[in-house]
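> This is a predicted model, with the sequence first.
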Amino acid sequence: MAGVLNTQLGGSTFTGRAVYDQGITGKIGTTDDTIAEDVSPIVSMISPYETPLLTLLGDAEFPAQSILHEWLEDSLNINELTVGSVGLDGAATELTVLSGANSLMLGSLLETAGGEVIQVVARASDTAVTIERAVGGSTAAAIAASSTLTVLGESTTEGADVREDISKTRVRKTNTCQIFKKDVIVSGTMRSVRNLGGIVDELDYQVQMRTREALRDLEKMVIRGRGAATGASGNAVAGSAGAATASRTMQGVRSMIATNTPTGVTMDNSAAVNLNTVIKTAWDNGGTDLDVIVCGAEVKEAIDRLNSTRIRVVNEENAYRDVVTTYESTYGSLAVVLSRWMPADEGLILAKNRIKVVPLSGRSFQFQPVAKTGDSAKGMVLGEYTVELRNEEGMARFTKAA
């Protein structure tokens, strides 16, 4: 009778159990399926996808117009010459250098490491010149093999005519545009059912995830890419039907920096090859705009340990600080940026205004739907990019000492 009355009043059968006794699984088909599942409306993801270098560089002001992107580089004539493998005594007048003599006009003045000023009076080739010794009251002395000669400038006589052209040829540099592609296929059912985790449309969610992956892969290629061995036509890879097709790959910043690449570098000044000397090497080659160090985990930790007494600590804050975000050297103030995509023991000394990540015209990252061929929505996240790095000799790549 009590059960009938309870039903008539709109209640449920009394079981004598508390809610927590009924469990929280809420699996359909069990005796406990009256309790709804408690699923957070957020999908958790810990996979790394940050792109610190792309964030630093920002968008390029222009697109690439061809799959082989090209730019021009120019430079002034040399400031220094290196003596060849044979030195000179204090009276010899035939000087051999490694290269660069063709950029000297007749009458050019050079200074040796010992302070002697010499003058070029004849030039036989790019490596051989005849010199006058002890100019301007300087003292003649032996000139050591492999020593450095500083180019002071030119001198000439009054009324001299134009005699020679020492202008330099502009250099044409290239890099290949690489296609980044992420396929997306979502069934009609998956787009129709109610998904957990606050996902309204599975297709939109997968496009978002694949776009993150594409940006992450672009960051890695910008840093560590290697140009295709066969040039702009690319490497042979298997197509969808098993046929060989052309795949183009870009050169990254690491492989494009070839002039200044020291190894065994210490982060402090305790050794001959240290972080400051690496920066100076790039500065010596004209890198007066150096402004960022992009480094792996080991290098970043070593920089953070540099003379911690110089790190500003506010006494009112109950915090221990052991981090360096800016490295101020004689040759510039450089932001220190940790990148998980760099080799742990390597660092790059860069001038970000001379690096551009350039999309092929109309080919920046976008989702392109593909015609349906069944009960699914298809498409691809697609982009085509390359890297333009100007005057690599004014930057550096280094490997930390073990």
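Now that the structure is in, tell me what you want to look at. Numbering: from 1, shown residues only.

> Tell me where this protein has helices.
2-8, 52-57, 188-192, 202-224, 253-256, 275-284, 297-304 (DSSP state H).

> Quick check: which helices or strands does the last one pack against?
Contact here means 3 or more CB pairs under 8 Å, 6 or more residues apart in numbering; DSSP states H and E; on that basis helix 297-304 packs against strand 332-338. From N, CA and C alone the C-beta is placed, and that goes for glycine too.

> The strand it packs on: partners in the sheet, and parallel or antiparallel?
When pairs are called by DSSP bridges, strand 332-338 turns out to pair with strand 292-295 (parallel), strand 326-329 (antiparallel).

> thinking again about what came up before, comparing the helices of the chain, which yields the minimum mean pLDDT?
Mean pLDDT is lowest for helix 2-8 out of the helices of the chain, coming in at a mean of 47.

> Based on its surroundings, how many neighbours for residue 188?
Number of residues near residue 188 (other CB atoms under 10 Å) recorded here: 12.

> wait, what's in contact with it?
375-377 (CB atoms under 8 Å, 6 or more residues apart in numbering).

> That one and residue 369, how far apart?
14 Å (CB to CB, to the nearest Å).

> still on that earlier bit, which stretch among the strands paired with strand 332-338 comes nearest residue 381?
Nearest of these to residue 381, taken as CB to CB: strand 292-295 at 25.6 Å.

> residues in contact with the closest one?
Outside strand 292-295, the residues that reach it (CB under 8 Å, 6+ apart) are 52-53, 56, 223, 303, 327, 334-339, 342, 346-352.

> Would you list the buried entries among those residues?
Buried members of the contacts of strand 292-295, scored by 16 or more other CB atoms under 10 Å, are 52-53, 56, 223, 303, 327, 334, 336-339, 342, 346-352.

> Could you chop the chain up by domain?
Using automatic domain parsing, the domain parsing of the chain gives 50-72+173-402, 80-157.

> chain center to stretch 324-332: distance?
19 Å (CA atoms, centre = their mean, to the nearest Å).

> Actually, stretch 155-164.
47 Å.

> do stretch 93-107 as well
Distance, centroid of stretch 93-107 to centroid of chain: 37 Å (CA atoms, centre = their mean).

> next one: stretch 180-200
For stretch 180-200 - counting by CA atoms, centre = their mean - the centre lies 34 Å from the chain centre.

> if I look at residue 295, how far off is residue 282?
Counting by CB to CB, the gap from residue 295 to residue 282 is 15 Å.

> One more: residue 53?
Counting by CB to CB - residue 53 and residue 282 are separated by 17 Å.

> what's the answer for residue 109, then?
On the measure of CB to CB, residue 109 and residue 282 end up 27 Å apart.

> pull the helix or strand with minimum mean pLDDT from this protein.
Using mean pLDDT, DSSP states H and E, helix 2-8 stands out as the lowest-scoring helix or strand of the chain, at a mean of 47.

> What's the biggest strand in this protein, counting residues?
strand 376-389 (DSSP state E).

> what angle separates that one from helix 202-224?
Per axes from the mean of the first three to the mean of the last three CA atoms, to 10 degrees, the angle that strand 376-389 makes with helix 202-224 is 20 degrees.

> Please consider this matter closed, and thank you.
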